[in-house]
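Visitor: coords please:
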Amino acid sequence: MLFRRTLCGACCAALFASFSAAAAAAPADNGYEIAYMSDVHFHDVYAHFEDGSFKGLPSAKHKNATIRTMYAQLTSTRLFNENYFAFLAALDDAVARGLKVVVISGDFSDDGQPVHMRGLREVMEKYRKQHGLRFFVTMGNHDPAFPFVIPAGKKDYLGDNGKNQPIFSRDGSKDCSGYDTTNAEKNGTICTQEVVHGGYGEIFTYMGQYGLTPQADYVYWETPYSSYKTQADYSFDKASKEAAIDRRSFEICKQGAGGELKKEGYTDCAVIPDGTYLVEPVPGLWLLAVDSNVYLPADLASANPAKRFTGSGNNGWNKMLTHKQHVVAWIKDVAERAKREGKTLSVFSHFPTVAFYRGASAEVAEMFGKGGLDLKREPTASTSERVAETGIGLHFGGHIHANDTAVFNKSGKFLVNVQVPSLAAYVPAYKHVTYQPQGKVDIQTVELKDVPRFNELFEHYRVEHKYLAEKSPAKLWDEKILASRNYAEFAGWHMSELTRLRFLDEKWACDMRQLARSLNGADMLTTALLDTPVTEGQLQQAGKDQANLAACTVAESVTAPTERYDSDWQAARAKAEALASANGTSLTELAKISGLEVATDFHKVLNAGELAFADIKPHAALYNLMNIALKDRRESVKMSAADAKKPSSDNPAGLMFRARFKPLFLGLSKVANAAPNRNFVVDLLKQSVEGVIADKPINN
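Guide: Okay, the predicted model is just below:
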């Protein structure tokens, strides 16, 4: 998050030419101007292992590279390597704007590993000393991964000859975390403590000076555990003593909050640290950094530290309200004091406080199950209501790697949650925020497009690609990603390959996956309009199952002939051609759109909202046509009596496509018409979000 008093107007626009036009100069005079960043996931691509255990890969133009494989990052929801350069570019943009404070709302690190934490601090200190930037951070579920240090490592650093290079810490045994070193596709395992996952103590050691502990130049600093609540009672010395981890720890139990809130029968209780704090870096501005990590006790007696607690990734604010109630009560108190004292309050944490799928959660659940994709991480309506009751009004979150604006407004309880995009995912961006007078907050989105040096590591990926082509073609990624012209295009390729290499197999139902891989846009529109009594089983028996759904269905009764199917298909084709023509396109044009592109567009829009509109615009005609064709369809898939998890082959041909894909196209429409999430104004007094969504690609 970047802060300054607004000084720059339209005259600064030329400084930002390498970034999206969405990142306009700050609009208001006399306002606190802030830029929020999130989910940097910093991995030092030129890290120095102090014990000399890993030398890295010699590079043509720089130091030895200590990077993860391209396959690893193309099957992860975040980039591991190129985000290093994106972070530098974002900070350079902040400097060009004259901004002075950077706040990162969690997941600033790659699991708190010492080798990368040193690199992160080195970068932040460089910008602090050379450009006067002031950093503030809050904890994410990757920093720390668990409350206390645990043995860890990664199996997929890129090693010699394009092979995986496992690097693990010791866990008390001779081998590193018991990792199997016999696989011929991997180089021998490297053992080093440089890759342990740090806990709160380690994170505080590296990041303490960035808001987690008081600094002499702060106007004010406080935690939920402070003995003072007023400026009159505050002193830097007193705050410093009370900032120690043992002075800001709390009891948590498996069933709920501990301490004074512990209920009878609560078990498995432990004391863990909390990184929440309030800071006034300049007079009048309060930054409230909420540590929304909730680590639930699991097996506290386990010899394996990683099994003593659950990770916090799926807990968030739903568990904050049950297990960190004292922090929520303190947040309400801070909000009341800020209003009473005339402070501008800016609140952020790692986890979202309002549902983040832009009204399409029901469609996501229908496609992927109740906990599908990130639904298990979504705040409930009751959670949003209780957070709204604290009076904070506006909250900035991360974690989901999404660009989103979500509004909760019920009986005067108002809360806007702004999801800050990740610098390590599609679309890479951050939020430029200006707190204006009369309760208005102007929010602009800065997209990172032209990132210097983003292709600096490509020489190493070419070696990896050659190795995979020869030895492991199942893991072969599309080499065209190495022809990316800029970082934005590279991030787009990341989402495309992530969909192809992971999401389809891991997240999508078998029949949806096969349909997406088999049908093009013209086939989809035709299938949407197909009416036939011929079943999928009959098509399979006749060898006309172009989507190869036999592997996804259970064969039931197959008796009727399939002769009429061809005429039914041609009739549907004629309807599709007429519908396309009436809407300014043709089946020939729609056939150029693959099912894989449709699947990728869906994930792009869920991730990036308005930021994805330009990318999906070439396919918008298909999506509008599909919503027209499927509007009045009310169909459900008949499941097999023999296996309730699989569809029956007795479903009429085309029905499974319509039932499975209608939520996808409807979801695309909802996301495209949700609250503005690129450039908009939150009016805290009127309790509204105002902004124009330009160039909507999909109609209501």
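Visitor: how close does Glu341 sit to Gly391?
Guide: With the distance defined as CB to CB, to the nearest Å, Glu341 ends up 14 Å from Gly391. C-beta: built from backbone N, CA, C; applies to glycine.
Visitor: higher neighbour count, those two?
Guide: Using other CB atoms under 10 Å, the more surrounded residue of Glu341 and Gly391 is Gly391, with 18 against 12.
Visitor: quick one, phi psi at that one?
Guide: Here is the backbone geometry of Gly391 (degrees, to the nearest 10): phi 90, psi 10.
Visitor: before we move on, what's the pLDDT of the residue nearest to it when sequence neighbours are not counted?
Guide: Of all residues not flanking Gly391 in the chain, Ala335 sits nearest, at 4.0 Å (CB to CB, 6 or more residues apart in numbering). Per-residue confidence (pLDDT) for Ala335: 98.
Visitor: pretty sure Ala335 sits against Leu345.
Guide: Yes - counting by CB atoms under 8 Å, Ala335 does reach Leu345; the two are 6.3 Å apart.
Visitor: now the common contact residues for these two.
Guide: Counting by CB atoms under 8 Å, 6 or more residues apart in numbering, the common neighbours of Ala335 and Leu345 are 392-393.
Visitor: the stretch 601-700 of the chain: helices as residue ranges?
Guide: With DSSP state H, counting those that start in this stretch, the ranges of helices along the stretch 601-700 of the chain come out as 613-616, 620-630, 655-672.
Visitor: out of those, flag the one nearest Gln540.
Guide: helix 655-672 (12.5 Å; CB to CB).
Visitor: look up how far Glu341 lies from Ser349.
Guide: Going from Ser349 to Glu341 by CB to CB gives 22 Å.
Visitor: again, but for His432
Guide: His432 sits 26 Å away from Glu341, taking CB to CB as the criterion.
Visitor: also Ala303?
Guide: 50 Å.
Visitor: burial count for the closest residue to Phe204 other than its chain neighbours?
Guide: Spatial nearest neighbour of Phe204, chain neighbours left out: Leu212 (5.8 Å); criterion: CB to CB, 6+ apart. Leu212 is surrounded by 26 other residues when neighbours are defined as other CB under 10 Å.
Visitor: how close does Leu212 get to Lys604?
Guide: Distance, Leu212 to Lys604, using CB to CB: 35 Å.
Visitor: follow-up on the earlier one: list the residues that contact the residue nearest to Gly391.
Guide: Ala335 touches 345, 390-393, counting by CB under 8 Å, 6+ apart.
Visitor: next SSE downstream of whichever helix or strand Asp505 is part of?
Guide: Taking DSSP states H and E as the criterion, Asp505 maps to helix 504-506. Note on helix 504-506: by DSSP H and E, the next helix or strand toward the C-terminus is helix 510-518.
Visitor: can I get that following helix in PDB, CA atoms only?
Guide: Taking only C-alpha atoms (Å, rounded to 0.1, in the frame of the first residue of the first chain), the coordinates of helix 510-518 have been written out as PDB:
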ATOM      1  CA  CYS A 510     -15.200 -35.800 -16.300                       C
ATOM      2  CA  ASP A 511     -18.000 -35.100 -18.700                       C
ATOM      3  CA  MET A 512     -17.400 -31.300 -18.600                       C
ATOM      4  CA  ARG A 513     -13.700 -31.800 -19.200                       C
ATOM      5  CA  GLN A 514     -14.300 -34.100 -22.200                       C
ATOM      6  CA  LEU A 515     -16.900 -31.700 -23.700                       C
ATOM      7  CA  ALA A 516     -14.500 -28.700 -23.300                       C
ATOM      8  CA  ARG A 517     -11.700 -30.700 -25.000                       C
ATOM      9  CA  SER A 518     -13.900 -31.900 -27.800                       C
END
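Visitor: what sits up against it?
Guide: Contacts with helix 510-518, where a contact means CB under 8 Å, 6+ apart, come from 367, 504-505, 508, 546-549, 551-553, 595-596, 598-599, 637, 646-647, 656-657, 660-661.
Visitor: are any of those residues buried, and which?
Guide: For the contacts of helix 510-518, a burial check counting by 16 or more other CB atoms under 10 Å picks out 367, 504, 508, 547, 549, 552-553, 595, 598-599, 637, 646-647, 656-657, 660-661.
Visitor: against His603, how distant is Tyr357?
Guide: Using CB to CB, one obtains 12 Å as the distance from Tyr357 to His603.
Visitor: between the two, point out the one with more neighbours.
Guide: Just comparing Tyr357 and His603: by other CB under 10 Å the higher neighbour count belongs to Tyr357, 23 against 20.
Visitor: mind listing what that one touches?
Guide: 364, 375, 378, 404, 606, 667, 671.
Visitor: please redo it, this time with the cut-off set to 10 Å
Guide: If you count contacts by CB atoms under 10 Å, 6 or more residues apart in numbering, Tyr357 has them with 363-365, 373-375, 378, 400, 402, 404, 406, 606, 667, 670-671, 674.
Visitor: now swap in Gly543 and tell me
Guide: For Gly543, the contact set (CB under 10 Å, 6+ apart) comprises Thr562.
Visitor: just the pLDDT for it.
Guide: Confidence score, pLDDT, at Gly543: 83.
Visitor: same question for Val558.
Guide: Among the per-residue scores, Val558 shows a pLDDT of 63.
Visitor: what ranges of the stretch 601-700 of the chain fall below the confidence cut-off?
Guide: For the stretch 601-700 of the chain, the stretches with pLDDT under 70 are 700.
Visitor: for the stretch 101-250 of the chain, same thing?
Guide: Along the stretch 101-250 of the chain, the model assigns pLDDT under 70 to residues 172-175, 177-186.
Visitor: can you map out the helices along it?
Guide: Under DSSP H, counting those that start in this stretch, the stretch 101-250 of the chain gives helices at 114-131, 200-207, 236-242.
Visitor: hmm, His373 is touching Ala365, no?
Guide: No His there; residue 373 is Leu. Yes - here Leu373 reaches Ala365: they are 9.0 Å apart, a contact under CB atoms under 10 Å.
Visitor: how close does Arg462 get to Trp477?
Guide: Taking CB to CB, one finds Arg462 at 12 Å from Trp477.
Visitor: who has more neighbours out of those two?
Guide: Neighbours were counted for Arg462 and for Trp477 using other CB under 10 Å; Trp477 has more, 22 against 13.
Visitor: bridging residues for the closest residue to Ala402 other than its chain neighbours?
Guide: Distances taken as CB to CB, 6+ apart place Gln419 nearest to Ala402, at 4.8 Å, with adjacent residues excluded. Listed beta-bridge partners, Gln419: Gly397, Asp404 (assigned using DSSP bridges).
Visitor: how deep is Gln419 tucked in, by neighbour count?
Guide: Look at Gln419: counted by other CB under 10 Å, it has 29 neighbours.
Visitor: and if you look at Arg134?
Guide: With other CB under 10 Å as criterion, Arg134 counts 23.
Visitor: quick one, what contacts it?
Guide: Taking CB under 10 Å, 6+ apart, one finds 1-3, 99-103, 124, 127-128, 209-211, 215, 217-218, 281-282 in contact with Arg134.
Visitor: now swap in Gly595 and tell me
Guide: Residues in contact with Gly595, defined by CB under 10 Å, 6+ apart, are 504, 512-521, 523-524, 547, 661.
Visitor: skip the chain neighbours and tell me the closest residue to it.
Guide: With sequence-adjacent residues excluded and distances taken as CB to CB, 6+ apart, Gly595 is closest to Ala516, at 3.9 Å.
Visitor: still on that earlier bit, common neighbours of Arg462 and Trp477, please.
Guide: Common contact partners of Arg462 and Trp477 (CB under 10 Å, 6+ apart): Met70.
Visitor: and the gap between Gly397 and Val689?
Guide: Plainly put, Gly397 is 16 Å away from Val689 if you go by CB to CB.
Visitor: among the two, which residue is more densely surrounded?
Guide: Between Gly397 and Val689, counting by other CB under 10 Å, Gly397 is the more crowded of the two (30 against 21).
Visitor: that one contacts Pro379, correct?
Guide: Yes - when contacts are counted by CB under 10 Å, Gly397 is listed as touching Pro379 (9.5 Å).
Visitor: report the set of residues contacting both of those two.
Guide: 316-317, 351-354, 356, 406, 417.
Visitor: Thr532 reaches Glu563, doesn't it?
Guide: No - in this structure Thr532 lies outside contact range of Glu563 using CB under 10 Å: 11.2 Å.
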